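K.L.:
Model the structure of this input:
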Amino acid sequence: MVSSAIFAPKFNLLSAKIKVAAVSYLNTKPLLYGIERSAVMNDIDLLLDYPSNLAKDLSEGKIDVALLPVAAIPTITGANIISDYGIAADGNVASVSVFSMVPMSEIKTVYLDYQSRTSVRLAQLLFEKLWKQDVAFKPAPENYIDYINGTTAGVIIGDRALKQRTNFEYVYDLADGWKELTGLPFVFAAWVANKELPETFKAAFNTANAEGLQHIDEVVAENPFPYYDLKTYYTENIHYMLDEQKKNGLELFLQMIK
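P.N.:
Numbering: from 1, shown residues only. As a prediction, the model looks like this:
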């Protein structure tokens, strides 16, 4: 796996709490469910923010661990993946897609969601290598979904994407596109540290992540969401265990965006 931990400073768990950050999207809820109910909370300060802000804060050393969009890994000094869990998909992910009112062959312009560098880079790769469409990419303003019309499409991620699935004629799932292009699963985010952490903490953190996945029904009950079946989302669309195939997909993606 990707790691530059050999250059990373060590963390003294006795002197301070570990600052851990994640996004507050629905896809993180099962992992957070386990973490928030685990004894590992005694050792951490848990923060929630946008994916792009997590990358910035981890790079600047304001936090110690983040559920980091993987495209940001090469920008983090001392980056090392500390858990067997993350956010991935093996085919249709449902919550990361290109939305359009016209078929792919007619798309001319694409708004890129400002919340995630990984989804943006994946979309650019797929337009070039899978769909072979020469389009103009534009940074998305706050209300860009209102401007997706005609030959202008947009990449929408997270909870907003799940809400929009029935509002557009064409929805092109990015994880599905990656699977078609490479035959591999796609990893959107992994727990990444910018320093060497104690093995005891990493083991406890891993166990906490795993525990949350044993309570999917409780997570669904805690997060009413009328737009999409969350049981399906958590058990079929999102894959939380980063097995060898997913690690291979991650390595390939990082090579392709160098």
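
K.L.:
Quick one: list the elements packing against the helix or strand bottoming out on mean pLDDT in the chain.
P.N.:
Using mean pLDDT, DSSP states H and E, helix 51-59 stands out as the lowest-scoring helix or strand of the chain, at a mean of 89. When contacts are defined as 3 or more Cβ pairs under 8 Å, 6 or more residues apart in numbering; DSSP states H and E, helix 51-59 sits against strand 18-22, strand 65-69, helix 117-129. Yep, even glycine has a C-beta here, placed from its N, CA and C like the rest.

K.L.:
quick one: that helix to chain centroid distance?
P.N.:
12 Å (Cα atoms, centre = their mean, to the nearest Å).

K.L.:
try stretch 234-246
P.N.:
For stretch 234-246, the distance to the chain centre is 12 Å (Cα atoms, centre = their mean).

K.L.:
mean confidence for it?
P.N.:
In this model, stretch 234-246 carries a mean pLDDT of 98.

K.L.:
Show me which residues of it are buried.
P.N.:
By neighbour count on 16 or more other Cβ atoms under 10 Å, the buried set for stretch 234-246 is 234, 237, 238, 239, 240, 242, 246.

K.L.:
Out of those residues, flag the one nearest to residue 224.
P.N.:
Nearest to residue 224 out of the buried residues of stretch 234-246 is residue 234 (Cβ to Cβ; 14.1 Å).

K.L.:
Against residue 33, how distant is the residue nearest to that closest one when sequence neighbours are not counted?
P.N.:
Spatial nearest neighbour of residue 234, excluding adjacent residues (Cβ to Cβ, 6 or more residues apart in numbering): residue 216 at 5.0 Å. Separation of residue 216 from residue 33 (Cβ to Cβ, to the nearest Å): 9 Å.

K.L.:
quick one, which of those two is more surrounded?
P.N.:
residue 33 (22 against 17; other Cβ atoms under 10 Å).

K.L.:
quick one, what contacts that one?
P.N.:
Residues in contact with residue 33 (Cβ atoms under 8 Å, 6 or more residues apart in numbering) are 212, 215, 218, 219, 222.

K.L.:
Show me which of those are buried.
P.N.:
212, 219.

K.L.:
domain ranges for this protein?
P.N.:
Listed by automatic domain parsing, the domain ranges of the chain are 5-88+185-256, 96-182.

K.L.:
tell me the mean pLDDT over the last one?
P.N.:
With pLDDT averaged residue by residue, domain 96-182 scores 96.

K.L.:
Span of it from start to end?
P.N.:
Distance across domain 96-182, first residue to last, is 17 Å (Cα to Cα, to the nearest Å).

K.L.:
How about stretch 96-112?
P.N.:
End-to-end span of stretch 96-112 (Cα to Cα): 11 Å.

K.L.:
where do the strands sit along the chain?
P.N.:
Using DSSP state E, the strands of the chain run over 18-22, 44-48, 65-69, 80-89, 96-100, 109-112, 136-139, 152-157, 170-173, 186-193, 239-241.

K.L.:
Now do the third one against helix 51-59: the angle between them, please.
P.N.:
In other words, strand 65-69. If you take axes from the mean of the first three to the mean of the last three Cα atoms, to 10 degrees, strand 65-69 sits at 140 degrees to helix 51-59.

K.L.:
Give me the spatial nearest neighbour of residue 140, chain neighbours excluded.
P.N.:
Counting by Cβ to Cβ, 6+ apart, the nearest residue to residue 140 once its immediate chain neighbours are dropped is residue 111, at 4.1 Å.
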